[in-house]
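> pasting the sequence and the predicted coordinates here, then a few questions.
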Amino acid sequence: MKYFYGPVYSRRLGFSLGINLFREKTCSFNCVYCQLGETKRRRKKRAFFIKEDIFKEELEKILKSKPKIDYITFSGCGEPTLHENLDKLIKIIKMRTKIPVCLITNSSLLYMKKVREELKEIDLLIPSLDAPDEKLLRKINRPVKGISFSKILEGLICFRKEYKDKEFWLEIMLVKGFNDREEAAYKFKEIIKKIKPTKIQLNLPLRPNPSVKIDFIPSGVLIEKFKKILGENCEVVEFRKSKKRGKVIEKEVILNSLKIRPQTIKDIAIVLKASEKKAEYFVKNLIKEKKIYKVIRNKKVFYLAK
């Protein structure tokens, strides 16, 4: 598949059919913790990256096979809102299935009215806000020139006002040594009052940035303190185990999944809907074929596609 991958098991969305609009990492940010590594070319100019006829064909083929899908999610190796006319792609999906559509965004382009209008038919928006001010935005997200904290905040507030009926889960990636202190938590609390999300999700950089050898995961004490400050509407995203097992999906799907994000044996087992022993079998073979490799971060073994 050129534009779709999975379904993969998501900590938040259950079985998610991912949409990847880019051949290589394409983003307006160069986040220090990113599991995809360095953004070699940051951009904020929107463009067309895919062929709609192929997008339609692939979607129809997937839906015909009737896999378990809880959400169809725009995510992949880049910032989805960099693709122009997202509303056309959303319409293609909506015409073919009732499965809810989710878009995960770094929030950098939501200040553009056209972008917000293109997203009016989605069911769930998961925007991120990793920094409570300009200084931390520059340190954590390292945005392209022209993107500022004030613009990001403006976009989040405007989207929420314009589409009050949408599910809106604000994500904060807690990054050790950057935004995990009490001072930042209280700043976030005041900002969240202005945004008014459906809920707040504290996420953790569990999957390593292959470009660096740094542990970005905050201590459990700081995570709990942060959560307490933000209040009862805040939750820490945790990995949930799937109770359902089924037919093992094809090797191609596993490789596509590993190209998008590093995964542990446990993660791969959930994608396969199989045992960890079966996942290890696949991993050993893929390593022998030199199609994947492993990295160790925070004493955990992750696998990535080459």
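Cool, got the structure. Not measured: the values here are computed from a predicted model.

> just give me the neighbour total for residue 294.
13 (other C-beta atoms under 10 Å). Just so you know, the C-beta spots here come from the backbone N, C-alpha and C atoms, and that holds for glycine as well.

> can you give me the helices for the stretch 1-150 of the chain?
For the stretch 1-150 of the chain, the helices defined by DSSP state H, counting those that start in this stretch cover 52-64, 86-94, 113-118, 134-140, 149-162.

> pull out the buried positions in the fourth one.
Buried positions in helix 134-140, judged by neighbour count with 16 or more other C-beta atoms under 10 Å: 136-137, 140.

> sorry, back to before: may I see the helices of the stretch 1-150 of the chain organised as a markdown table, with distance to residue 16 added?
Below are those laid out as a markdown table (distance: least, C-beta to C-beta, whole Å):
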| stretch | distance to residue 16 |
| --- | --- |
| helix 52-64 | 12 |
| helix 86-94 | 13 |
| helix 113-118 | 21 |
| helix 134-140 | 25 |
| helix 149-162 | 21 |
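
> which one, of those, ends up nearest to residue 187?
Counting by C-beta to C-beta, residue 187 lies closest to helix 134-140 out of the helices of the stretch 1-150 of the chain; the figure is 8.9 Å.

> doesn't residue 302 fall inside a strand?
Yes - counting by DSSP: H, G, I helix; E, B strand; the rest coil, residue 302 is located in a strand.

> mind checking pLDDT for residue 20?
pLDDT, residue 20: 90.

> same check, this time on residue 64
Residue 64 carries a pLDDT score of 93 in this model.

> what's the span of stretch 34-47, first residue to last?
One end of stretch 34-47 sits 23 Å from the other (C-alpha to C-alpha, to the nearest Å).

> domains of the chain: list them as residue ranges, please.
4-240, 254-306 (automatic domain parsing).

> can you give me the strands in the stretch 101-250 of the chain?
According to DSSP state E, counting those that start in this stretch, the stretch 101-250 of the chain carries its strands in the segments 101-105, 124-127, 167-173, 199-203, 234-236.

> buried ones in the first one?
Buried residues in strand 101-105, counting neighbours by 16+ other C-beta under 10 Å, are found at 101-105.

> what is the end-to-end distance of stretch 26-44?
Start-to-end, stretch 26-44 (C-alpha to C-alpha) is 10 Å.

> give the buried residues for it.
With burial defined by 16+ other C-beta under 10 Å, the residues of stretch 26-44 counted as buried are 26-36, 38-39, 42, 44.

> same check, this time on stretch 224-242
For stretch 224-242, burial by neighbour count (16+ other C-beta under 10 Å) applies to 225-227, 230, 234, 237.

> cool, stretch 206-218 as well?
Buried positions in stretch 206-218, judged by neighbour count with 16+ other C-beta under 10 Å: 206-210, 214, 216-218.

> mind listing what the closest residue to residue 269 other than its chain neighbours touches?
The shortest distance from residue 269 to any non-neighbouring residue, by C-beta to C-beta, 6 or more residues apart in numbering, is to residue 279 (4.0 Å). By C-beta atoms under 8 Å, 6 or more residues apart in numbering, the residues touching residue 279 are 265-266, 268-269, 272.

> and those as CSV, adding pLDDT?
Formatted as CSV, the contacts of residue 279 follow (pLDDT from 0 to 100):
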residue, pLDDT
265, 87
266, 84
268, 81
269, 77
272, 67
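
> helices - which of the residues you listed land there?
Mapping these onto helices (DSSP state H) picks out 265-266, 268-269, 272.

> residue 147: which of these is nearest?
Residue 147 has its nearest neighbour among these in residue 268, at 34.7 Å by C-beta to C-beta.

> tell me how far the closest one lies from residue 89.
Look at residue 268 and residue 89: by C-beta to C-beta, to the nearest Å, they are 28 Å apart.
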